[in-house]
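K.L.:
Just to be clear, the model below is a prediction. Sequence and coordinates:
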Amino acid sequence: MNYESPFSNRYGSPEMRGVWSEVAKRRAWRRVWAAVAQAQAAAGLVSPEAVDDLRAHLQDIDLSRAAEIEAVVGHDLQSELQTYAEQCPLGGPILHWGMTSADVQDNADIVRQRAALGLLLRRLREVLLRLAERIDSAADMVVLGYTHLQPAEPTTLGYRLSGYAQDLLACHDHLARLRPALRGKGIRGSVGTAATFVEMLAESDVTPDMLEATVLEALGIEAHLITTQTYPRLQDYRLLAGLAELAAALHKFAFDLRLMQSSAVGQVHEPFGEQQVGSSAMPFKRNPVLAERICSLARLVAAGAGVAWDNAATTLLERTLDDSANRRSIIPEAFLACDEMLLTAEKIVTGLEIDEQAAAEQLQVLGPLVATERLLTALVRAGADRQAMYERLRRHTRGALERARAGDPNPLPDRLAADTAILHFLQPARVRSLLDASTYVGQAPRRARQMAARLRERFSAG
C-alpha cells in the first residue's frame, strides 16, 4: 500500500530510471565525498588508508539503514553520510570535512544530468535515422496539404516528415551544446566562498582552487565561477527549457499524426497490434494512443520548465530551500518523460502505416480546388488580370467545394474548362492539366531527400 509514480514502471526506460534511481543518486554522492577525500589526501590532510576505505565502499548502498537514520535526523544526505561513515571505520571520521550538502548534491546532480542527456541524445539520433528512411520512401508521395485545418495546396508526405525532422535536429543540436555547458557548484562550502577550505589549506601548498579542480576532474565536470550555497538555479531553467523544446517538437509531430489518422484525413496510421484494444466499449476503435501519449507527456515537461523558472527567479540571496522539494520531481520526470516520448516516437516512425489509396482518393476529390492557384499563375502569365481571374475562380470553387463535400464528383474541371473568360487565355486541355494537383508539389521531393541525406550524413556513422 505505497504510492508509485507512473515513471517507476510505466514510462521511461530501465536505463533512464537507473540514472535517476535512489541507489544511483547515493552512489553519485559517495563519488563526490571520496573525490574530496582523495584531494585532501593529496594535500596531506587525510591518510591514504582513509581514502582507500572510502573507495572500497562506494557501491555499498544500504537504503534500509539510511531510512532508519533519516527517520531520526530528518535529512536524507545526512542519513547517507552517516550510513557511509558506519561502513568505513578509517574513512568515516573525515567524511564531509569542510563541505555543505550542496557541495555533494549539486555536483552529483550535474553528473546525472549529463548522463541522462547523453541517453536522450542517443534516442534522438535513432528517431532521426528512422525518420530519414521514411522521408526517402515518401519523398514523392503527394498528399493534400492543410492550412488553418482546411484543404490547401498539395505537398508530399516526405516533405511534411522533413519538417518534423528539422525541428528534432535543431533540438538535438541544442541539447548537445547544453550538455557540456552544465556546470556544478564546485567545493566551496555553505555560501560559496570556500572560507573553510582557505583555512583548512592555510599551511599546505595546495590551494582551494587546486583541491576543487582535482575533485571536478575526478567527476568529469566543471564548476561555475560564482556560486552560492548552490549552483545558479537559472541553469535548471535552461535545462528544463531545452527539454521542453524537445517536448514541443515531439508534440507537434504527434498532434499532426493524430490529425492525419482521423477519418477526415486518413493519410497515415500509427502501428496497432493484432491483439491491441482501442476502446473498452467500442471494439472497432483504433485510437492513436501512442501519439496521444506523447502529447500528454509533453505537457508535463512544459509545465516543469515553468516551475524551474520560479525556482530561478525566487531563490533569495545565497539560498532558500523552496526549490528543493520540486527539483526532486521536475528534473528526473522531465528526463523520463522525454525518454518515453522518444521511445514512442521511434516506435511510431518505424511502424508507420501509410495509406496511399486514401491519400490519392482525397487528392482526386479536392485536388482541382487546391490547384486553382496554379491555374491563376498560368492565367496571369498569359496576360489575364490577376484580380479579375481570382474572383472568377473564387466563385467557381465555392460551388464546387459544396458539391464535393456532399459526395458528388468534383465539377470544377468541367466548369473551368468551359469558362470562356478563361479560355480566352488557355486551352481546355491546358486548364485540365493545371488542375491536376498530383504534379503540383514544387521542390518538395528534392528538399525532402536533402533532409534525409543530411540526417544520414550526421548520424549513420554513429
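P.N.:
That came in fine, so what should we check first?

K.L.:
Could you point out the helix or strand that follows the worst-scoring helix or strand of the chain on mean pLDDT?
P.N.:
When the helices and strands of the chain are compared on mean pLDDT, DSSP states H and E, helix 386-405 comes out lowest with a mean of 85. Sequence-wise, the next helix or strand downstream of helix 386-405 (DSSP states H and E) is helix 412-417.

K.L.:
Now do the next helix-or-strand element following that next one: which elements does it pack against?
P.N.:
Using DSSP H and E, the helix or strand that directly follows helix 412-417 along the chain is helix 420-423. For helix 420-423, the packing partners by 3 or more Cβ pairs under 8 Å, 6 or more residues apart in numbering; DSSP states H and E come out as helix 386-405. Backbone N, C-alpha and C define where each C-beta goes, glycine included.

K.L.:
Mind checking the pLDDT average for the host helix or strand of Glu49?
P.N.:
Assigned by DSSP H and E, Glu49 belongs to helix 48-56. Here helix 48-56 scores 97 as its mean pLDDT.

K.L.:
List the buried residues of it.
P.N.:
Residues 50-55 are the ones in helix 48-56 that count as buried (16 or more other Cβ atoms under 10 Å).

K.L.:
And for stretch 372-384?
P.N.:
Neighbour counts over stretch 372-384 (16+ other Cβ under 10 Å) mark 372, 374-376, 378-379, 384 as buried.

K.L.:
What lies in contact with the helix holding Glu49?
P.N.:
30, 33-34, 37-38, 41, 84, 88-95 (Cβ atoms under 8 Å, 6 or more residues apart in numbering).

K.L.:
Also stretch 418-425?
P.N.:
With Cβ under 8 Å, 6+ apart as the contact definition, stretch 418-425 has outside contacts at 375, 379, 382-384, 389, 392, 396, 416-417, 428, 431.

K.L.:
can you list these in CSV and add distance to Val19?
P.N.:
Formatted as CSV, those follow (distance: Cβ to Cβ, whole Å):
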residue, distance to Val19
Leu375, 58
Leu379, 62
Ala382, 65
Gly383, 68
Ala384, 65
Met389, 62
Arg392, 64
His396, 61
Leu416, 62
Ala417, 65
Pro428, 67
Val431, 62
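
K.L.:
Mind picking the two most distant members of those residues?
P.N.:
Gly383 and His396 (19.9 Å; Cβ to Cβ).

K.L.:
For Ala170, see how far away Thr420 is.
P.N.:
Using Cβ to Cβ, to the nearest Å, Thr420 is found at 51 Å from Ala170.

K.L.:
Of the two, which one has the most company?
P.N.:
Ala170 (13 against 6; other Cβ atoms under 10 Å).

K.L.:
So that one: helix, strand or coil?
P.N.:
helix (DSSP: H, G, I helix; E, B strand; the rest coil).

K.L.:
still on that earlier bit, quick one: name whatever helix or strand follows the helix holding Glu49.
P.N.:
Helix 48-56 is succeeded, C-terminally, by helix 63-73 (DSSP H and E).

K.L.:
by contact count, what packs against that next one?
P.N.:
Partner elements for helix 63-73 (3+ Cβ pairs under 8 Å, 6+ apart): helix 22-42, helix 76-87.

K.L.:
And the protein, what are its domain boundaries?
P.N.:
6-356, 372-435 (automatic domain parsing).

K.L.:
Lowest average pLDDT across the ones you listed?
P.N.:
domain 372-435 (a mean of 89).

K.L.:
Now do the end-to-end distance for that one.
P.N.:
Using Cα to Cα, to the nearest Å, one end of domain 372-435 lies 7 Å from the other.

K.L.:
on that earlier part again, which of the contacts of helix 48-56 are buried?
P.N.:
Buried among those by 16+ other Cβ under 10 Å: 30, 33-34, 37-38, 41, 84, 88, 90-92, 94-95.

K.L.:
Number of residues surrounding Ala303?
P.N.:
Counted with other Cβ under 10 Å, the neighbours of Ala303 add up to 15.

K.L.:
other SSEs contacting whichever helix or strand it is part of?
P.N.:
Element membership for Ala303, per DSSP H and E: helix 289-314. If contacts are counted by 3+ Cβ pairs under 8 Å, 6+ apart, helix 289-314 sits against helix 234-261, helix 324-350.

K.L.:
Reformat those helices as CSV; add distance to Arg446 and mean neighbour count.
P.N.:
Below are the helices and strands packed on helix 289-314 laid out as CSV (distance: least, Cβ to Cβ, whole Å; neighbours: other Cβ atoms under 10 Å):
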stretch, distance to Arg446, mean neighbour count
helix 234-261, 22, 22
helix 324-350, 22, 21
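
K.L.:
Nearest to Val104, out of those?
P.N.:
Comparison of these against Val104 by Cβ to Cβ identifies helix 324-350 as nearest, at 13.6 Å.

K.L.:
what are the pairing partners of the helix or strand that comes right after the closest one, and which direction each?
P.N.:
As assigned by DSSP H and E, the chain's next helix or strand after helix 324-350 is strand 353-354. Using DSSP bridges, strand 353-354 pairs in its sheet with strand 268-269 (antiparallel).

K.L.:
residues in contact with the partner strand?
P.N.:
Strand 268-269 is touched from outside by 157, 257, 260-261, 286, 288, 352-355, with contacts defined as Cβ under 8 Å, 6+ apart.

K.L.:
how far does it sit from the chain's center?
P.N.:
When distances are taken as Cα atoms, centre = their mean, to the nearest Å, strand 268-269 is centred 22 Å away from the chain's centroid.

K.L.:
quick one on the thing from earlier: could you dump the helices and strands packed on helix 289-314 into CSV and include distance to Pro368?
P.N.:
As requested, the helices and strands packed on helix 289-314 are arranged in CSV below (distance: least, Cβ to Cβ, whole Å):
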stretch, distance to Pro368
helix 234-261, 22
helix 324-350, 32
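
K.L.:
just to revisit the earlier point, name the residues of the least confident helix or strand of the chain that are buried.
P.N.:
Quick answer for helix 386-405 (16+ other Cβ under 10 Å): 389, 392-393, 396-397, 400-401, 404.

K.L.:
Stretch 375-392: end-to-end distance?
P.N.:
Using Cα to Cα, one end of stretch 375-392 lies 12 Å from the other.

K.L.:
mind checking the longest helix of the protein?
P.N.:
For the chain, the longest helix by residue count, based on DSSP state H, is helix 101-137.

K.L.:
In TSV: the helices and strands packed on helix 63-73, plus distance to Ala165.
P.N.:
Shown next, in TSV, are the helices and strands packed on helix 63-73 (distance: least, Cβ to Cβ, whole Å):
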stretch	distance to Ala165
helix 22-42	33
helix 76-87	42
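
K.L.:
so which of those helices gets nearest Ala308?
P.N.:
Comparing the helices and strands packed on helix 63-73 by Cβ to Cβ, helix 22-42 comes nearest, at 18.9 Å.
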